[in-house]
Structures are given as structure tokens and as C-alpha cells.
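S.K.: Quick one, fold the following:
(2 chains)
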Amino acid sequence: MGPRWKGKGADAKALADPMSEIVSQLQSSLLQSNALGSLSGCSVLLAVETEQTELLTRACFGKPIITAEKDKQWFQLGLEEAFYLCNSLKCLKIVGEDNFVKNDLDLWLHMKSKKDNFPDFYKAYSHLRMKNWVLRPGLQYGVDFVAYRHHPSLVHSEYAVIVLSEGDVGRLRVWADFHCTIRLCGSVAKTLLVLHVDKNGHGAICPSCLESYSVEECTIMRWSPEHSRNDQTASENGIT
Amino acid sequence: MEAEDDWESSSGEVTDTDQFNDEDIYSTSTSLSKLQFRSDASKAKWNGEMGMAEVIEKKGKMWITTGIVRNGKTFCLIEETLFLAEIGALLVMDENDECLSLKDIYRKIAEEKSGCCWELFEVYRHLKSLGYIVGRHGVPWSMKGVENNSESCSSQGTIQKNGVVDTEVNGMTCVVQMLGNLQVDELRLNFNVYLPNSKFRKSSPGDPAFLLCLVRGSPPSITKSAALERQCGGIPLKFCHVEHGRVTSAADKRMPSITELCTGLCIPWLRDLRLLCKSFSTQKSFDSVLSLFPCREDKPQLERIQPKILLAS
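M.R.: Got it, this is the predicted structure:
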């Protein structure tokens, strides 16, 4: 299944305005303004000016919070998004409830305490983000993330992403799970992408462990033999 | 073969975009600036010790369904305070009469010292925006009603209802006791939710339409959810979960990101529930799945019923 662009010229628009560029602009803008986010529950709240509002929106980080404040715009970032901006792009500092900036380790520990599988999820998130995919929450589709080739306003998401940790027996455990997920993905025109995150024995005590993790990508689709006999160009579906 | 036909017909549908349109968030740049601070904003003064704001000046009809009444004064819990401040309907001062910014109030919620956390606030905001009347469980709207109805603070705290003379004092202590730290794994009743009602009276609110429990970690086990249900005194219980804070608009009735679990339903992963329900391609099928669970009064043997659901499609 190739990318499904929305409207005429959407793919040209995307080509002219690559996501990598947008993210890079966002990175420098946040860095220049010494952006400071604050932890709250399982989110990070960030107040930004107009220019950054636009960049955050174009790069698809966070969700705007509608408030009556005129001079700044509040955004709510998920844990992975915030950590990506802070740890990978190094353009955001984050304070805890005590109003002190958290160093990478403290932030990592805090996020792990909020979400057990944060290390694996974050590895998967950063793995795809670094390849310039736009990742948004996938809860609506019963998966962990949905991946867009560019901005959601230009293209439909292609992949429904599930993150599996090594030794994870809870997800996609029986055939019914696969069928259920694939059927859903089919009816919303997405391909199931399973990311196996292997810690390679490095545990998760600190963020630098991430460097030793490996991610194996695996797309899973349903192949129907009835429809593949004649047409050689039918997509080469199957368990890959 | 029938089963094959089912697959074929469903894979032809593309129902994605109309259902869960992410881009709406990003096309609302104009609506982001729509909210203005109202010139007729109410005023309140934050009291750090109590973890509430005392309302000094009331403007507008929202006070019929917001704020608790104690000793003739109205107080706002932190979620109420933040909700009103966010929409520009309330100006909040601190103890020194300095104006508190949104940032300050967000920080108070982050501290989780006033009986609320960010996710609970998101639930509160979502329901309030839809018109529901939301009260914190265990905190009576007004002490006037307490002698008359059975609701007291004892469901989670240790306050007992004393004689009339002490009622008002009890009410205040009761509120303060509720404002403890929230444990992640602990399941507790968080909100009493009433249907929109312009004739709502704090002195006799009646029974809520449902009680709400926020699940912060993994989905609750049947045992825990059943135990919580027993504390509800016959009022329906809903569990909710917030992730990535997406709130959909009230107008088009999409499936909100706050996932609703059927009472007592136990599925190992919340996502599986979504998958299960969405694999039925229509809302009607989804409703019929839910209806396979008998209503609360029947006290079903859920372990036996669950496999039936999985085979239903």
C-alpha cells in the first residue's frame, strides 16, 4: 500500500517541504528561545510563541491546549515526544514539579515510573522519527502509534505500529490477536508494522542504554491466495 | 465460504478519515485564538492550605454547577479553578492578591497536592466541555444537603457524619482529607457525574448519572473493578483512561480518547478492547457487543461470558 495523499498537489507540497527540514527549524527555534517544558502527570506542558506554535504544528509534536491566554500558546507533549525533543534533539529543557530542570537520567527515571514500557516505546518512537516519519498516538486504532509519511493534513497514515519488547507475551499473543489487528488495519487502510525492540541485555537503567537497543521492523499483511493467482503486480503480501 | 466473504467485504471499506481525523488538531489555528478573557470574569483567591480557591466575585450562571458551598462561601477545587481559568472565566489571585497565571495553576496541578492530577483534570475538562456536571467524589456540593441525603464523605475517607452542629466543620475537614496524594495503581472513585441540567441544585443534587474512576496504569482486573463497583451504591460506574490527552469535539460524537470500559469488563490490554470493538465495522455492531454484557444488576460471571464475545464475530 503506497502513500495516500490528501488532495491534489499534496505530494508535491510534501516534497517541497521535507519533514526533516521542518524538524530542524523547530529544533533551532526551541533552542534559541531556551524552551522550558514542565512535567505534569504523563504529559509535558510547554508554552510557546507564535513562530514555535507554527513549527510544532507543522512538525506534529504535541497537541495544542485551547486557553484564553493571548500572548502564548500552550502545548501538551506526550512522554516520548518530550523526551525526543529533550534527549535526541536537545532543544528542550524540562522541569519537574519542584520547578528544577531535570537532567537526562532523572527525566528518564521519571518517565519510566509513569510508563513501564517507556524505554521500548521511546526506542521505537525515536527510531521512526529519525527516519522522518511523523508519529502520532495510535490508541484510536488499537495500536501504539500511527506513522505518517508527512504531515497528517497532507497524507493518510500508512502504518499502524505496535511495539513489542523481547519476551513480551501480552501483545499479539494468539492468532485471533493478529486477525483482529490486521482486520482493523485493513478497514482503516493501514499496514500493520510491528517493531521488535531488543534491549540486547542492556536493561534500562539510563538513557544511554538506548544506544545498544536494536529495532527490527516487520510489516504484517493478510495475503489472499484467491486474488494473487492472475495478477503478478498484486502486492507481495505475506508475513515478511 | 462465508468467513472469507466477511474478510473481503470489510477490507474493501476505507473508513479511516472520517472517524479519527488527526489533522483537525492542526487546522484549528484560527480557533485557538477564539477564546478571549471575558471582561466579566469571576474572581477567586487561592488558598494553598486548603488546596482550593475561595470565590470572591461571581459572574455568570456557571456557578450553579461549579464550586462547593461551605459556610455560605463558594470554593473551587483545583480542577474547577483551572477549567475556568483556562477559558478565561476566572481570575485567580494568590494569598498576596497577586494574579496567578495559567502557568502557576498548571504547576499546582503538577504538584498533585490538591487531590487532582493532570489526567484527572483532562477528564474533568472533557466532560465539563460537553455539558456534564462534574463533582469530586466524596465532596458534597453543599453541607445543607448532607443531613438530608445519604451521601457522606465516608466512602473513601474516615470522616463520619456527626450531629448537625458539627456538619459544617466536618465538611471542610472532609474536603481537606480528600486532597491527598494519588497513587497510580490505586483504583478509587474520582468523580460524580450528572447529566446537563439547568435546574441543578447543590443542596439536593440527587444521584449522579454515573461515577467515574480514572485508571492510570494497566486496565483493572475483574476483582478490583468489581470491588470498586460494590462501593457505588447502585450507581453505574465507568472506568476511563487518558492517553496523549486527545479530546474530540462534542458536536460530532466521535469516540473520545478517554476510553470507556464496560463495567467489570476485563481485557488484558486496553488496546485489545479497542481492537475488538473496532473490528466490528459499524457502531451498531459495537453496541451489540456491549449489550452482550448483562447489566450490572445481574452480577454476571464475567469469566464465562468473555470467551463468547471473542467468538461472536
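S.K.: residues contacting residue A:135?
M.R.: Residues near residue A:135 by CB atoms under 8 Å, 6 or more residues apart in numbering or on different chains: A:60, A:80, A:125, A:128, A:129, A:145, A:146, A:147, A:148, A:161. (Glycine included, C-beta is placed from N, CA and C.)
S.K.: just wondering, since we're on residue A:130, how far is it from chain B?
M.R.: Distance, residue A:130 to chain B, by CB to the nearest CB, to the nearest Å: 20 Å.
S.K.: How many residues are close by that residue?
M.R.: Neighbourhood size, residue A:130 [other CB atoms under 10 Å in any protein chain shown]: 13.
S.K.: and the nearest residue to residue B:86 once chain neighbours are set aside, which of the three is it?
M.R.: Distances taken as CB to CB, 6 or more residues apart in numbering or on different chains place residue A:67 nearest to residue B:86, at 4.6 Å, with adjacent residues excluded. Under DSSP: H, G, I helix; E, B strand; the rest coil, the three-state class of residue A:67 is coil.
S.K.: Surely residue A:15 is in a helix?
M.R.: Yes. The assignment for residue A:15, made by three-state DSSP, places it in a helix.
S.K.: contacting residues around residue A:48?
M.R.: With contact taken as CB under 8 Å, 6+ apart, residue A:48 is in contact with A:30, A:33, A:35, A:56, A:72, A:73, A:75.
S.K.: please redo it, this time with the cut-off set to 7 Å
M.R.: A:35, A:56, A:72, A:73, A:75 (CB atoms under 7 Å, 6 or more residues apart in numbering or on different chains).
S.K.: Let me know the pLDDT of residue B:309.
M.R.: We have a pLDDT of 36 for residue B:309.
S.K.: Same question for residue A:234.
M.R.: For residue A:234, the pLDDT comes out at 43.
S.K.: same deal with residue B:65?
M.R.: If you check residue B:65, the pLDDT there is 94.
S.K.: again, but for residue B:191
M.R.: Listed pLDDT for residue B:191 reads 94.
S.K.: Kindly report the same for residue B:157.
M.R.: We have a pLDDT of 35 for residue B:157.
S.K.: what about stretch A:76-84 and chain B, touching?
M.R.: Yes. Judged by CB under 7 Å from any CB of the partner chain, stretch A:76-84 and chain B are in contact via A:76, A:78.
S.K.: Which of the contacts of residue A:48 has the largest number of neighbours?
M.R.: Tallying neighbours with other CB under 10 Å puts residue A:56 at the head of the contacts of residue A:48, with 26 neighbours.
S.K.: With the flanking residues excluded, which residue is spatially nearest to the residue positioned nearest the centre of chain A?
M.R.: Of all residues in chain A, the one closest to the mean position by CA atoms, centre = their mean is residue A:135, 3.1 Å from it. In space, and not counting its chain neighbours, residue A:135 is closest to residue A:145: 4.7 Å by CB to CB, 6+ apart.
S.K.: Kindly report the same for residue A:19.
M.R.: Leaving out its chain neighbours, the residue that sits closest to residue A:19 by CB to CB, 6+ apart is residue A:132, at 4.6 Å.
S.K.: I'd assumed residue A:17 was in contact with the one you found.
M.R.: No. Applying CB atoms under 7 Å, one finds residue A:132 not in contact with residue A:17, separated by 11.9 Å.
S.K.: Figure out the helix or strand that the residue nearest to residue A:220 when sequence neighbours are not counted lives in.
M.R.: With sequence-adjacent residues excluded and distances taken as CB to CB, 6+ apart, residue A:220 is closest to residue A:192, at 4.7 Å. Using DSSP states H and E, residue A:192 maps to strand A:191-198.
S.K.: Kindly export the helix or strand containing residue B:126 (C-alpha atoms) in CSV.
M.R.: Counting by DSSP H and E, the element that carries residue B:126 is helix B:118-129. Extracted in CSV, the C-alpha atoms of helix B:118-129 (Å, rounded to 0.1, in the frame of the first residue of the first chain):
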residue,chain,number,x,y,z
TRP,B,118,-3.2,16.3,35.0
GLU,B,119,-5.1,13.3,33.6
LEU,B,120,-7.9,13.7,36.1
PHE,B,121,-8.1,17.3,35.0
GLU,B,122,-8.3,16.3,31.4
VAL,B,123,-11.2,14.1,32.2
TYR,B,124,-12.9,16.9,34.1
ARG,B,125,-12.3,19.4,31.3
HIS,B,126,-13.6,17.0,28.7
LEU,B,127,-16.8,16.2,30.5
LYS,B,128,-17.4,19.8,31.5
SER,B,129,-17.0,21.0,28.0
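S.K.: Now look at it and say if it contacts chain A.
M.R.: Yes. Under the criterion of CB under 7 Å from any CB, helix B:118-129 makes contact with chain A via B:118, B:119.
S.K.: okay, and for the chain, where does confidence drop off?
M.R.: I went with chain A, as the question did not name one. For chain A, residues meeting the criterion pLDDT under 70 lie at A:1, A:231-240.
S.K.: that's the wrong chain, I meant chain B
M.R.: For chain B, the ranges with pLDDT under 70 are B:1-39, B:145-185, B:245-313.
S.K.: Give me the buried positions along the helix holding residue B:126.
M.R.: For helix B:118-129, a neighbour-count test (16 or more other CB atoms under 10 Å in any protein chain shown) marks B:118, B:119, B:120, B:121, B:122, B:123, B:124, B:125, B:126, B:127, B:128 as buried.
S.K.: As a check, name the ranges of all strands in chain B.
M.R.: Ranges of strands in chain B, per DSSP state E, are B:42-47, B:52-57, B:68-70, B:73-77, B:90-93, B:133-136, B:191-194, B:210-214, B:237-241, B:259-261.
S.K.: and residue A:3, which of those is closest to it?
M.R.: Nearest to residue A:3 among those is strand B:259-261; the distance by CB to CB comes to 29.1 Å.
S.K.: show me where chain A has strands.
M.R.: Assigned by DSSP E, the strands in chain A fall at A:36-40, A:43-48, A:63-65, A:73-78, A:93-95, A:134-137, A:145-148, A:159-165, A:191-198, A:214-220.
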